[in-house]
Structure formats: structure tokens, C-alpha cells
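# Got a predicted structure plus its sequence, pasted below:
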Protein chains: 2
Amino acid sequence: MNKLFIIKIGGNVLDNPEQLNSFLKDFASIREPKILIHGGGKIATHIGNQLGIASNYVNGRRITDEHTLDLVTMVYGGLVNKKIVATLQQLHCNAIGITGADGNMIKAVKRPVKDIDYGFVGDIKPGDVNTPLLHVLLKQNTIPVFAPLTHADGKMLNTNADTIASVLSIALSKHFDIRLIFCFEKKGVLHHVEDENSVIRHITQNTYTSLLQQNVLKDGILPKLENAFSAIKSGVKEVLIGEANDLLKNTGQVTEGTLITL
Amino acid sequence: MNKLFIIKIGGNVLDNPEQLNSFLKDFASIREPKILIHGGGKIATHIGNQLGIASNYVNGRRITDEHTLDLVTMVYGGLVNKKIVATLQQLHCNAIGITGADGNMIKAVKRPVKDIDYGFVGDIKPGDVNTPLLHVLLKQNTIPVFAPLTHADGKMLNTNADTIASVLSIALSKHFDIRLIFCFEKKGVLHHVEDENSVIRHITQNTYTSLLQQNVLKDGILPKLENAFSAIKSGVKEVLIGEANDLLKNTGQVTEGTLITL
């Protein structure tokens, strides 16, 4: 099977034009087929404040009301996505910006209201991905760049970028040897959370269990690892958690970040 | 050759949700291959005012400075484009939102500064269109929905939607029998500008010359007609100027608006 890199870049890099440009330069230079998923960044909150759209959080999670939906559609789907695409074009990488609505690429279900009404938030699963169209785009050497938005019933929906990256990886895992790379602000999963030199280079299902028993892993990294193992168990070959700066090392044979396999 | 409808919808319909939904319902029901190009609408000015981005005009034409570029990228490429795409998806029309940067679909040249610096405005010609990728999308039954934006040198550029519609039509005219439809607020080109019943049903190169000599045509319609004849002379089979409401009539054999042919 052909190799495919599915790479997620988070908000902190998006908020820093220099870091973003450096990251995109590295991304453009990857020779293998690749897909980029970007998060939101603080710019949505910043523009929202100017527009009088307050950010509402319940239990630390953003509530997407009608105004917030318009805001994230503009900022993630327009401003952030198109800046990335235009920059990649300049770097001779034929990027194409995509939300879940475009080409029906990811059809979601609006999150059901239980204790909390999250508003216009989309829940997705691998069966919701239009993989034939993704194959067509990749075959044309166009590089999909996903904004963290999906759709249902004529509405855009706000959707977590990590989740989109995982779901795309699982959906494409039958046809590609996938390495799913989560770029974040640290070198990798750390033995000692303050020591960037303590990267755990390789985690398997077995070592994960013993790390959990040893209480080495801090709260912040647990959702990422759960996400990673859920992808691995569903057919994704490798997940890598590392720093955006290290992208080119982390697409190679000898990686800098944390490699996660079965 | 296969028929292809290239349809441009202007700002006034975009600003009215009811009219827009009705138009999109009609658009979705067209069975032949089709492409939509949308303009901007007043929402960009409205959001710009809230963000403190003033609209600057010189000789009646908008100047696109850096802040205005961000504004139109957000509003045209994000908010307006994705709302249209999500609505079309609900209508079972597999729309895909596209700016000139996406898939390098339309590469522009930033307008050279002469007497006036228009700022980040893109000038385009038919050779700048990535027709192979458009063919691929149409073959997949995905329906391109263009926002009025192009790109050059890593920057998005503001570009007139009428021009994009003409340039796309010319670029695809070798492979399709194209009817380019400009939807605007009147029934068609009118003999008497106040009388909606005075639509001139058919204009050819010859009748155009005599209409000009008779001074029948008012200033507002002349740029549209020049645009139309430039398309016709470059291989586009038919141009139609008519009302958004009449879209389904104007895609048929017997049209309501003004049909323009060689």
C-alpha cells in the first residue's frame, strides 16, 4: 500500500505567522501523498470580540450558537483555510481547501442535546467520509487542507480538528499505510512533563497500559493518546505525537516525537 | 459536445435569504453539468463596519487594502460560500466550494498600479484556469461553487465575479457547449429601462451594433454586454442575461431573459 501522511496542526502554530510559514514550508516539501487538518486558533475569539460575539464555555468546552457558527465558518473556513492554501500554492504545493460540506466530504450528526446543548457541533464517524472523492483529489496530486468544520441538514457544524484527523485516517486506512501526525507544542509524550528531553519514543498497547499503571501520563495528554489508540485499533498503521518544528524528522524513519503503534 | 451551464448570481440575491434559498433550489434541480459563481453582497460591508474596516472607493470602485482582503476572504470565501455549499448539499447537489487558490483553480496577476492602486485585486485570463481539475470535478458530479477570489504569490486576491464567470466560460468552451447565465435584478436587457415587459429577447453582434446606434442601451447594462460579447467571440456558445427568479426558464429552450449569440 502507498504511504499517506495525515497531519494535524493546532491553534498555537496558526496564531504565529512565522512558525506557520516555517511549518508550511516543511509540509510542502514532503514528497509522499499528504493531507493537512488545521484547528482554529485564537483569531476566532479575537474577531468574535470585535463583532460582539462572546465565547461561551460550559465545563471548558465552547458552545457554538448561531453567531459563533457564522464566526467559525468565516474564520476557520475562510480566513485561516485560504491563507494556508494560498501560502502552500506559493510553495508549489497544489493545496485545495475543504470543509466537511465541500463535496460532501464529511457529513456529521448535530450533537444530541443531553445535559449540555453544545449547539452547532458535529459528531462524525469514519463511515461519514466521502473517500472516493478524497482518492480522486489525491490521485490528481491536489493536497486536501481541512478546516475544522463539517455539515448536516444544510448547516455547517463546528467539529474538533483532532477528531477530523482521526476519522479521516481510519476512513482511508484500508487503502493507505497511514502515519497520522498530531503536531502540538511539546516534543512528544514526556516521561517528566517539564523535561523536553524525556520524550517517550515509542508507545504500544502494552507499554501504554504500564505507563497508565505507573501514573506517568498527565491529564493533558490522555485524550490525545486515547484518540491515537482508537485510530490504531481501527486500522491506522502509526500515530505520531510531536512538535510542529520537527515535522520533517517525524515523517522519516527515525522520529523525534512519540510513535504509537499496536 | 456536452452542455454546461455557468451561472453567476449577484449580491442582491445573496443578501436576501428567502430569495437565495429559492434560487438555490432551482439551481440544484438543473440536471445538466453546472458551475455557480457568487458575488459578495452587502454582508462584507456590514461586517467590515463592525470590525472597523472602512470600505474605500475610488471612482466608484472598491480598494482592497490588507484589512479588506482579510474581510472578503472571510466573508466571501468562508461565510457566503459555505452557506451556499451546505444549502446545496441539503438539496442533494454535491457542491464543492472553490476560490482561485483552491487546487490552483484560477491564478491571477495582482493588478498593476497605474493612476490608482486598487490594492489586492486580481486580473485574470482564460489561460489561468486549471481546466483539467475542473473536468475531474465535473466528471465526479461535484458542482463547483466559486467565490469571487483568486490568488497570486501566496496572497488571496479580490476578483470580480462577472469576470470569473466569463473567464471560466471561455476556458471551458473548447470542451462544452456553454450557456453563461448572468442573473441580475431585471428580467433581461430592456428596450425601455423602466418597463420590465420590454425585454429584448435576442441580441446578436449585428443587432447589438444597431442598438448602440439607436442609443437604446443605458450605461448600467453596457459592461455586462461587453463582457457577454467578449465571451461569445472567444468561443462561448450562448450568454443569457436575466432575473434570478427565472433561472429554470433561462436554462430551457425558450428563454425569458436576453439571449446573446454571435
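Arrived safely.
# Tell me the residues on the stretch 151-262 of chain A that lie near chain B, please.
Counting by C-beta under 8 Å from any C-beta of the partner chain, the residues of the stretch 151-262 of chain A close to chain B are A:151, A:153-156. C-beta: built from backbone N, CA, C; applies to glycine.
# Now a ChimeraX select for only the buried ones of these.
A single ChimeraX command selects the buried members of those (16 or more other C-beta atoms under 10 Å in any protein chain shown):
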select /A:151,154,155,156
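# Tell me which stretches of chain A form helices.
For chain A, applying DSSP state H gives helices covering A:11-14, A:17-29, A:43-51, A:66-74, A:81-90, A:131-139, A:161-172, A:205-213, A:222-233, A:247-250.
# and the last one, what does it pack onto?
Meaning helix A:247-250. Judged by 3 or more C-beta pairs under 8 Å, 6 or more residues apart in numbering or on different chains; DSSP states H and E, helix A:247-250 is in contact with helix A:17-29, strand A:176-184, strand A:238-243.
# Need these in TSV (columns: distance to residue B:166).
Shown next, in TSV, are the helices and strands packed on helix A:247-250 (distance: least, C-beta to C-beta, whole Å):
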stretch	distance to residue B:166
helix A:17-29	32
strand A:176-184	40
strand A:238-243	47
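# Throw those into JSON lines and include mean pLDDT and mean neighbour count, thanks.
Shown next, in JSON lines, are the helices and strands packed on helix A:247-250 (pLDDT from 0 to 100; neighbours: other C-beta atoms under 10 Å in any protein chain shown):
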{"stretch": "helix A:17-29", "mean pLDDT": "97", "mean neighbour count": "17"}
{"stretch": "strand A:176-184", "mean pLDDT": "97", "mean neighbour count": "23"}
{"stretch": "strand A:238-243", "mean pLDDT": "97", "mean neighbour count": "24"}
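# Residue ranges in chain A under the pLDDT threshold?
Within chain A, no range satisfies pLDDT under 70.
# For burial, what's the neighbour tally of the closest residue to chain B within it?
Chain B sits closest to residue A:78 of chain A, with a gap of 2.1 Å, by C-beta to the nearest C-beta. Neighbour count of residue A:78, defined by other C-beta atoms under 10 Å in any protein chain shown: 32.
# Would you mind measuring from the residue lying closest to it once chain neighbours are set aside to residue B:143?
Once flanking residues are discounted, residue A:78 sits nearest to residue B:78: 2.1 Å by C-beta to C-beta, 6 or more residues apart in numbering or on different chains. Distance, residue B:78 to residue B:143, by C-beta to C-beta, to the nearest Å: 19 Å.
# circling back: ok, which of the helices of chain A comes nearest residue B:95?
Of all those, helix A:131-139 sits nearest to residue B:95, with 12.1 Å by C-beta to C-beta.
# Only alpha carbons, please: show the closest one as CSV.
Presented in CSV, the C-alpha positions along helix A:131-139 are these (Å, rounded to 0.1, in the frame of the first residue of the first chain):
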residue,chain,number,x,y,z
THR,A,131,-13.4,8.6,0.5
PRO,A,132,-13.9,8.2,-3.3
LEU,A,133,-13.6,12.0,-3.8
LEU,A,134,-10.6,12.1,-1.5
HIS,A,135,-9.0,9.4,-3.6
VAL,A,136,-9.7,11.4,-6.8
LEU,A,137,-8.1,14.5,-5.3
LEU,A,138,-5.0,12.7,-4.1
LYS,A,139,-4.7,11.0,-7.5
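# I am finished for the moment; much appreciated.
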